[in-house]
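> Let me see the structure of the following:
(chains A and B)
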Amino acid sequence: SQQGEEDPQALSIQEGENATMNCSYKTSINNLQWYRQNSGRGLVHLILIRSNEREKHSGRLRVTLDTSKKSSSLLITASRAADTASYFCATDWSTGFQKLVFGTGTRLLVSP
Amino acid sequence: DAGITQSPRHKVTETGTPVTLRCHQTENHRYMYWYRQDPGHGLRLIHYSYGVKDTDKGEVSDGYSVSRSKTEDFLLTLESATSSQTSVYFCAISGQGDRNQPQHFGDGTRLSIL
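Model prediction:
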């Protein structure tokens, strides 16, 4: 399986703290994407980082990519209760059409 | 949210019955995908489509078939449902252009097979 692994599986923090989630994968990739899923809903795209990029920012999100270690991290700064959700990394590894392989996710709980 | 509608949202059925899930998009996107989500496995790709009548298998395609007769509709069929196909099914779409495009997801169909 080419499935990625995410670490930690669950994370509990207080509002205002930073949250860091890590993703490791197995094969060469075209890009890596992070998604958020609120309970009972579909996934929402957060950020995409290409294989030739090392860092990307979007609002309170910072994503890094280390292709030599086949790993990525998602940092959420100044967390809010509304950030409570599951977060998934997904890698586009295929040579043909885009096909994503998802990690198993990190459940983030942000307490007020 | 992107214009993606999945139907039904919930379904309970019995082993051995046929089941069809529908994904409808209003974005005119070329690519459409069906995933299933199970605890401990994340999302796994079942089938995908790269155009009308153009489909291919994903990672977990056994027991599933798909059809796409119009750009906006992508159907997933379980010919003879089994309890192992109890899951939450998500449809996703992505646009044309280079491959560095995000996928946009529907809200899922929760399917229980008794």
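> any idea how far the spatially most central residue of chain B lies from A:Q33?
The geometric centre of chain B, computed from its C-alpha atoms, lies nearest to B:W34 (Cα atoms, centre = their mean), at 2.7 Å. Here the distance between B:W34 and A:Q33 works out to 18 Å (Cβ to Cβ, to the nearest Å). The way it works is simple: take the backbone N, C-alpha and C, and place the C-beta from them, glycine included.
> Quick check: which helices or strands does the longest strand anywhere in chain B pack against?
Taking DSSP state E as the assignment, the strand of chain B that covers the most residues is strand B:42-51. If contacts are counted by 3 or more Cβ pairs under 8 Å, 6 or more residues apart in numbering or on different chains; DSSP states H and E, strand B:42-51 sits against strand A:85-92, strand A:100-102, strand B:31-38, strand B:54-57, strand B:64-70, strand B:73-78.
> which of the residues in that strand are buried?
Taking 16 or more other Cβ atoms under 10 Å in any protein chain shown as the neighbour-count basis, strand B:42-51 is seen to contain the buried residues B:42-49.
> thought the residue nearest to the centre of chain B was touching B:C23?
Yes: look at B:W34 against B:C23 with Cβ atoms under 8 Å: they come within range, at 7.2 Å.
> So for the two, which residues contact both of them?
Common neighbours of B:W34 and B:C23 (criterion: Cβ atoms under 8 Å, 6 or more residues apart in numbering or on different chains): B:74, B:76, B:91.
> quick one: which of these is nearest chain A?
Distances from those to chain A were compared by Cβ to the nearest Cβ; the smallest belongs to B:C91, at 8.5 Å.
> could you say which helix or strand contains the closest one?
Using DSSP states H and E, B:C91 sits within strand B:87-94.
> Who does that strand pair with, and is each partner parallel or antiparallel?
Here strand B:87-94 has these sheet partners by DSSP bridges: strand B:31-38 (antiparallel), strand B:104-105 (antiparallel), strand B:109-113 (antiparallel).
> would you turn those strands into a markdown table with mean pLDDT?
Rendered in a markdown table, the data for the strands paired with strand B:87-94 read as follows (pLDDT from 0 to 100):
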| stretch | mean pLDDT |
| --- | --- |
| strand B:31-38 | 96 |
| strand B:104-105 | 95 |
| strand B:109-113 | 97 |
